[in-house]
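> mind folding the following:
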Amino acid sequence: MHYIPTTIVSIILISIPLLWGTLNGVFIKQELVLIVLISFGVAICCNCLVQYKRERTYTITWGDVSIAVFLLAIILNLLLTNESYSNIFLIYQWASLLFVYTLLRSIDHKEVVLYAIVLSGIIQGMIAISQWMGLIESNHHVFGITGTFGNPGQLGGYQSIALLILLCMFADGSQKVKLTRVMFAGASSLILFSIYLADSRASVVALIIGLIFFYSAPIKKLVKKHSITSILTISLFIASIGVVLFQYREGSANARLLVWRVSSDMICDKPVLGHGVAAFKKEYILYQAKYFEQHPSSDFAKVADNVAYPYNEFLHVFIEQGLVGGIIVIILFTIYLISLVSTKNG
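Coordinates of the predicted model:
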């Protein structure tokens, strides 16, 4: 019985990327998210029954409090901003994320969920290779390799998470189901190759940051032993990576800079409460047009486009929910970062 909630969550995590990109003709996005929401609801009910029988209690953490405050800020934002761009589809998505958080805070056998994410990454890697070989069509009219996602960036980000989990699982000798070297080499090579095929700079940055955190202990020892040399080497490495990634696709990098420049205007225009939940997609193009009215000779005109998100989640929150939502998210992020560091050091 106690495996049922974990099994439901694992099946959903494997299925969502597959269904999202392959069943558009069967389900519309709203219906699919509603099915996921109902499935998570069933898992929560099963988990509550399991924990009730075991008479298990939980302690409310600062992370829980921060998430509750953030949800309250979203509700207040919807009520106080003049324009509301949210819809029932967005509410389904938020509810699903809240259910995921609730389940992951309370279910047993969390390692099963990690295995599910790795398995999902392996499946996505196989799909990406099939697209590379011309056996399967991608979900984008420009990019040939997307997995079952909408663009290569989403595929690369997902695969980076799966690879980092796989590395941690292999390094952790306490896992009940130990990975053999052959299994690890095959799975990691497959996922790594799919990251290469995705050709996403953001996924490379995410992977590097994850590896730095994973190897933070030996890095700290190295810095303590050779402080000046280590700091200079790390700084040079970070700067070199930044330059290489910028020069790799300079036009795309400049497009990001334009989005962030226009986003700064949006934040300055409504700094406290923001423009409203889900407002970025509809408001950005207006602010971009205003920017070019004020800067008609800007070189950014070559890379201007109508974008759906600002390529930075912190900016996204500040734009839509202002300082109120942005500060809460930073506090939440800081709490979990401190918790991760403390757990790793412990």
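> CA only for contacts and neighbour counts going forward, please
Will do.
> if you count neighbours, what's buried in stretch 119-135?
By neighbour count with 16 or more other Cα atoms under 10 Å, stretch 119-135 contains the buried residues 119-132.
> whoops, I mixed them up, stretch 6-21
The neighbour-count check on stretch 6-21 (16+ other Cα under 10 Å) flags 6-10, 12-14, 16-21 as buried.
> with stretch 147-157 instead?
Using 16+ other Cα under 10 Å as the test for burial, stretch 147-157 gives 147-157.
> also stretch 185-204?
Neighbour-count burial for stretch 185-204, with 16+ other Cα under 10 Å as criterion, is recorded at 187-188, 190-195, 197-198, 200-204.
> got it, and stretch 73-83?
Residues of stretch 73-83 classed as buried by neighbour count (16+ other Cα under 10 Å): 73-74, 77-78.
> I would like the residues contacting that stretch, please.
84, 273-277, 321, 324-325 (Cα atoms under 8 Å, 6 or more residues apart in numbering).
> which of those has the most neighbours?
Gln321 (30 neighbours; other Cα atoms under 10 Å).
> quick one: the one helix or strand it maps to to chain centroid distance?
Element membership for Gln321, per DSSP states H and E: helix 313-345. Put simply, helix 313-345 sits 13 Å off its chain's centre (Cα atoms, centre = their mean, to the nearest Å).
> mind giving me the packing neighbours of that helix?
Helices and strands touching helix 313-345, by 3 or more Cα pairs under 8 Å, 6 or more residues apart in numbering; DSSP states H and E, are helix 62-80, helix 250-269, helix 280-294.
> what about the shortest one, average pLDDT?
Across helix 280-294, pLDDT averages out at 92.
> got the angle between that helix and helix 313-345?
Here helix 280-294 runs at an angle of 120 degrees relative to helix 313-345 (axes from the mean of the first three to the mean of the last three Cα atoms, to 10 degrees).
> what's helix 280-294 in contact with?
Under the criterion Cα under 8 Å, 6+ apart, residues 262-263, 265-266, 298, 301, 306-309, 316, 319-320 lie in contact with helix 280-294.
> quick one on the thing from earlier: nearest to Leu337, of the buried residues of stretch 119-135?
Ranked by distance to Leu337 (Cα to Cα), those are led by Gly121 at 24.4 Å.
> next up, the contacts around that closest one.
Gly121 makes contacts with 158-159, 162-163, 191, as judged by Cα under 8 Å, 6+ apart.
> ok, 7 Å please
For Gly121, the contact set (Cα atoms under 7 Å, 6 or more residues apart in numbering) comprises 159, 162, 191.
> and the residue nearest to the second one when sequence neighbours are not counted, what element?
Nearest residue to Ala162 in three dimensions, chain neighbours excluded: Val118, at 4.9 Å (Cα to Cα, 6 or more residues apart in numbering). Under the assignment given by DSSP H and E, the secondary-structure element containing Val118 is helix 110-132.
> just how off-centre is that helix within its chain?
For helix 110-132 - counting by Cα atoms, centre = their mean - the centre lies 16 Å from the chain centre.
> ok, stretch 196-209 next?
Distance, centroid of stretch 196-209 to centroid of chain: 13 Å (Cα atoms, centre = their mean).
> ditto for stretch 158-174
Its chain's C-alpha centre and that of stretch 158-174 lie 16 Å apart, by Cα atoms, centre = their mean.
> list of residues touching it?
So stretch 158-174 is contacted by 114, 117-118, 121, 175, 179, 188, 191, 195, 203, 206-207, 210 (Cα under 7 Å, 6+ apart).
> rerun at 6 Å
The contact list for stretch 158-174, computed with Cα atoms under 6 Å, 6 or more residues apart in numbering, reads 117-118, 121, 203, 207.
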